[in-house]
Structures are given as structure tokens and as C-alpha cells.
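Trainee: Below are the sequence and a predicted model; questions follow.
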Amino acid sequence: MSVLMVFRIALKALGRNKMRTALTMLGMIIGVGAVITMVALGTGAQNAIEEQIRATGTNTITVMSGNFTQGAVRMGEGSSSRLMAADAEALRSVPGVQWVAEGASTRQTLVAGNQNWQASIQGTNVDWPLIRAWPLKYGLFFTEQDVQAAAKVIVLGSNVAEMLYGAEVDPTGQNVRVRNHVFRIVGVFASKGASSGGQNQDDQAFVPYTTVQKKIQGIQHLNNITVSAVSGDQIAATTEAVKASMRVTQRLAPGEEDTFRVFTQDDIIGFATSQSSTMTDLLAGIAAVSLMVGGIGIMNIMLVSVTERTREIGLRMAIGARGRDVLMQFLVEAIVISLVGGGLGIAMGFGLAETVKWLNGWPAVIPMDSVVMAVGFAAFVGIFFGFYPARKASGLDPIEALRFE
């Protein structure tokens with residue numbers, strides 16, 4: 001029997017019970033659609049996380065004050081006060097480094113007239129907006145002369161400016177009080193949104209780091225140093241060079257524990273996206289269960305079909321049909337159900353992903369490998385779960401089949 005004839009017989013048999021065929025396909029449709037939708041939403045969320053982290057700065061390397069041991073007690077990260085401006089100055093001559101920004105942070109209440117707002121105050125230098133690729137909405141950033149003089153100048157985040165002065169108001173040139181010091185507002189940053197850690201980046205104010213050290217906190221050390229590499233392909237080499245420079249300026253002997261920690265955006269991206277990827281895999285695994293249920297449904301229906309068509313099978317075998325012809329016929333029926341159901345499931349998955357994206361604004365990216373995987377899995381399910389009923393049909397004795405009632 002030709003392959004074309006096998007397909008014609010299989011399609012005709014499926015067409016005789018349209019409702020049952022459609023209900024059998026439904027398991028595959030829902031399974032494939034669910035897998036594609038979950039993978040699309042998971043992948044979209046993962047990409048959004050990566051873009052959000054990269055939006056905080058280009059090719060960024062961060063040096064944090066590390067831990068230290070006091071007697072028999074190991075102090076935690078950030079407890080060291082050995083990170084100094086001299087360390088940052090040395091990093092400016094490290095190959096591959098483009099910009100360097102010292103960091104000294106505090107949290108204070110800002111007062112303007114009868115309004116007040118508590119926000120994070122970041123002490124930094126003139127390289128900060130370049131590292132973060134952060135434009136200003138109003139005014140200018142403070143200058144290198146302001147840093148050298150520990151001037152009382154401040155640049156507000158958009159949320160801080162709105163809380164103190166109202167929306168769409170340019171406060172540059174006005175004064176704001178921090179503790180007992182009066183600062184002159186020289187600029188306002190454009191809205192940046194949330195950081196990778198969920199912090200509202202717009203709820204910050206920026207002053208020269210020397211001002212934080214000398215006039216707000218009375219310290220000499222830094223909390224962190226932010227470095228920008230010249231290009232993305234030099235991140236790894238630049239990170240190692242930064243570590244080597246830090247060990248020299250920190251006067252650490254070979255084998256001695258670091259008093260600092262260096263990490264890159266890739267470290268943060270890897271941590272955040274690994275969590276997202278795990279959740280995506282979990283959701284896809286749950287959705288794949290419905291594919292297995294659909295496959296069991298196919299096997300169940302095909303077994304019922306074999307029982308119903310026992311006399312038909314016996315008649316065909318009596319007039320010359322071989323066992324492999326019967327095997328092929330039932331196997332083709334199972335595969336057709338799987339592939340057609342898989343195709344409709346793909347369409348359903350694309351539609352659901354786009355609908356969720358449109359209704360909720362969630363990112364949705366459908367990787368082509370998920371489509372290929374869904375089609376391949378649908379075909380596998382058809383062959384795997386359809387083989388046993390087809391094998392059972394091909395093994396029937398023609399005489400016994402003709403006697404079947």
C-alpha cells in the first residue's frame with residue numbers, strides 16, 4: 001500500500017468522528033499553547049531584567065568596601081573603612097578604564113520651604129552621569145571644582161524634585177537644606193526608574209563625594225568606587241586589572257584576604273536571570289504535563305478506535321493488507337492528530353503571549369527553539385503514544401477480527 005493511500009485512509013477515518021478527533025487534539029493544543037506562552041513570558045521577563053540592569057550603566061565595574069577580621073571576629077561586607085580616594089585615583093591609570101567615580105552615601109532628610117523628603121544622598125564625582133548614561137532634565141551636573149572645594153551643590157533625582165517642588169517644576173537655583181547645611185540645586189536628573197535591585201533610582205540626590213565626607217558624615221573613607229570599562233569585550237580583563245590595582249593600593253601581601261569586593265553588571269545579570277530562567281523552566285515543565293496528558297488521551301482514543309474498527313481491520317487483512325500497512329495507518333492517524341493539534345497550539349501560544357503582552361504590558365519574547373521543541377515534542381508524543389494501539393491493530397488475527405462483534 002502506498003504512503004499516499006495510507007494518508008488518505010487515515011484522514012478519512014479521522015473525518016468520520018470529527019468531534020472525537022477535535023477533542024483528542026484539544027489536549028495537544030492546550031499543551032503546546034501553554035508551553036509556548038509560558039516560555040515566551042519567561043524569556044521576555046528575563047530579557048527585560050537584563051536590559052534594566054544594563055540601563056543602569058554601560059560596562060560597569062563596582063568596587064565595594066569588603067570585610068575585615070577584628071581579633072577572632074570576622075566582620076561583614078561593607079564593614080571595612082580602607083577604601084580611599086587614593087584607590088580611585090590609582091584606578092584612573094589602569095588600562096581599559098574609561099571613567100571612575102568615588103562613592104560615599106548617606107540617607108538624610110531634605111527640607112525645602114515647608115516640604116521635606118527623606119532620600120538617599122549619593123556622594124560622587126563628575127564622571128557619574130557618564131558612567132550611568134543618565135541625562136539631566138533641568139540644569140547641569142556639578143563641576144570638578146565643586147568636588148575639589150567640597151561645595152554645597154546638589155543634583156536631585158526626578159522623584160525628589162517632585163516631592164519637594166511639585167511635578168514639572170524646575171527647581172534649579174533654589175536652596176534645599178540637609179541637616180544644618182544649605183545646598184544650592186544645580187540640576188535635576190531625567191526619570192530613570194527602578195534599578196535591578198528594585199530601588200527607585202529617581203529617589204536620590206547627588207552631591208560631591210567630598211561634601212559627604214567633610215560636611216555631612218565627617219569621614220575620610222569611601223563606600224564604593226564605580227568604574228566604567230572602555231568597551232564590553234574588555235570587561236573581564238579590566239576587572240582583573242582593577243583587582244590587581246586595588247591589592248597594590250590596599251598594600252595586601254600575596255595570599256592575604258581582599259579587603260574589597262569587585263563585581264560587574266554580568267554578575268548581577270547572571271544572578272537575576274538565573275532566577276528568572278529557573279522560574280521559566282518550572283512553568284514550562286508544568287505546562288509540559290498537559291502535553292503528556294494529551295498524549296495519553298491520544299493513546300486512549302486510538303485504543304478505542306482499534307476496538308471499534310476490529311472488523312474493518314480483519315476485512316482489510318483478509319483481502320491482502322499486511323500488518324505493517326495497518327500499523328502505518330493507525331500510526332499516521334496518531335501523528336496527524338499530534339501535528340495538527342501542535343500547529344493549532346503554536347497559533348494559540350502566539351495569540352496568548354501577545355494578548356497578555358497587550359493587556360498587562362508584560363514583555364513576551366517567543367524563542368524559535370521553543371516552537372521547534374513544541375512541534376518536535378508533539379510529533380514524538382504522536383509516535384510514542386500511537387505506537388502501542390497501532391501495534392495492537394497490526395497484530396490482530398484476520399479470522400478472529402472478522403468474528404468480532
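Mentor: Yes, it's here.
Trainee: So, low pLDDT: which residues of the stretch 101-250 of the chain?
Mentor: 194-198, 232-233 (pLDDT under 70).
Trainee: again, 80 this time
Mentor: For the stretch 101-250 of the chain, applying pLDDT under 80 flags the ranges 193-199, 231-235.
Trainee: Relative to the whole chain's centre, how far out is the helix or strand harbouring F377?
Mentor: For F377, the element it lies in under DSSP states H and E is helix 368-394. Put simply, helix 368-394 sits 31 Å off its chain's centre (C-alpha atoms, centre = their mean, to the nearest Å).
Trainee: by contact count, what packs against it?
Mentor: Packing partners of helix 368-394 (3 or more C-beta pairs under 8 Å, 6 or more residues apart in numbering; DSSP states H and E): helix 18-54, helix 265-308, helix 323-360. Backbone N, C-alpha and C define where each C-beta goes, glycine included.
Trainee: weakest of the ones you listed by average pLDDT?
Mentor: When the helices and strands packed on helix 368-394 are compared on mean pLDDT, helix 265-308 scores lowest, with a mean of 67.
Trainee: Domain-wise, how is this protein divided?
Mentor: Domains of the chain are assigned by automatic domain parsing as 3-52+271-403, 81-258.
Trainee: Looking at those domains, which is nearest to V63?
Mentor: Ranking those by their distance to V63 (criterion: C-beta to C-beta) puts domain 81-258 first, at 4.2 Å.
Trainee: Where do the strands of the stretch 1-150 of the chain begin and end?
Mentor: 60-65, 69-70, 73-74, 97-112, 115-124, 136-139 (DSSP state E, counting those that start in this stretch).
Trainee: What pairs with the longest one, parallel or antiparallel?
Mentor: If I follow you right, that is strand 97-112. If you go by DSSP bridges, strand 97-112 pairs up with strand 115-124 (antiparallel), strand 175-178 (antiparallel), strand 224-229 (antiparallel).
Trainee: will you turn the ones you listed into CSV that also has mean neighbour count and distance to K192?
Mentor: What follows is the strands paired with strand 97-112, written out as CSV (neighbours: other C-beta atoms under 10 Å; distance: least, C-beta to C-beta, whole Å):
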stretch, mean neighbour count, distance to K192
strand 115-124, 19, 13
strand 175-178, 19, 20
strand 224-229, 24, 15
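Trainee: mind putting these in CSV, distance to R132 included?
Mentor: As requested, the strands paired with strand 97-112 are exported to CSV (distance: least, C-beta to C-beta, whole Å):
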stretch, distance to R132
strand 115-124, 10
strand 175-178, 22
strand 224-229, 8
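Trainee: Tell me which of the strands of the stretch 1-150 of the chain sits most buried.
Mentor: strand 60-65 (a mean of 22; mean count of other C-beta atoms under 10 Å).
Trainee: Touching that one from outside, list them.
Mentor: When contacts are defined by C-beta atoms under 8 Å, 6 or more residues apart in numbering, strand 60-65 is touched by residues 77-83, 87, 91, 131, 221-229, 235, 238-239, 242, 246, 259-265.
Trainee: Narrow the residues you listed to those in helices?
Mentor: Among the contacts of strand 60-65, the members falling in helices (DSSP state H) are 87, 91, 131, 235, 238-239, 242, 246, 265.
Trainee: so which of the residues you listed is the most crowded?
Mentor: When these are compared by neighbour count (other C-beta atoms under 10 Å), V242 ends up highest, at 26 neighbours.
Trainee: Wait, it touches V100, no?
Mentor: No - here V242 does not reach V100: they are 9.6 Å apart, not a contact under C-beta atoms under 8 Å.
Trainee: Tell me which of the domains of the chain sits nearest to N59.
Mentor: Taking the domains of the chain one by one with C-beta to C-beta, domain 81-258 is closest: 4.1 Å.
Trainee: what's the distance between the closest one and the middle of its chain?
Mentor: With C-alpha atoms, centre = their mean, you get 27 Å for domain 81-258.
Trainee: With stretch 318-335 instead?
Mentor: Counting by C-alpha atoms, centre = their mean, stretch 318-335 comes out at 48 Å from the chain centroid.
Trainee: buried ones in that stretch?
Mentor: Across stretch 318-335, burial judged by 16 or more other C-beta atoms under 10 Å covers 321, 325-335.
Trainee: ditto for stretch 240-259
Mentor: For stretch 240-259, burial by neighbour count (16+ other C-beta under 10 Å) applies to 241-243, 245-247, 249-250, 259.
Trainee: And for stretch 138-146?
Mentor: Here stretch 138-146 shows 138-139, 141-142, 146 as buried, counting by 16+ other C-beta under 10 Å.
Trainee: What's the end-to-end length of it?
Mentor: End-to-end distance of stretch 138-146 (C-alpha to C-alpha, to the nearest Å): 18 Å.
Trainee: Repeat that for stretch 192-208.
Mentor: 20 Å.
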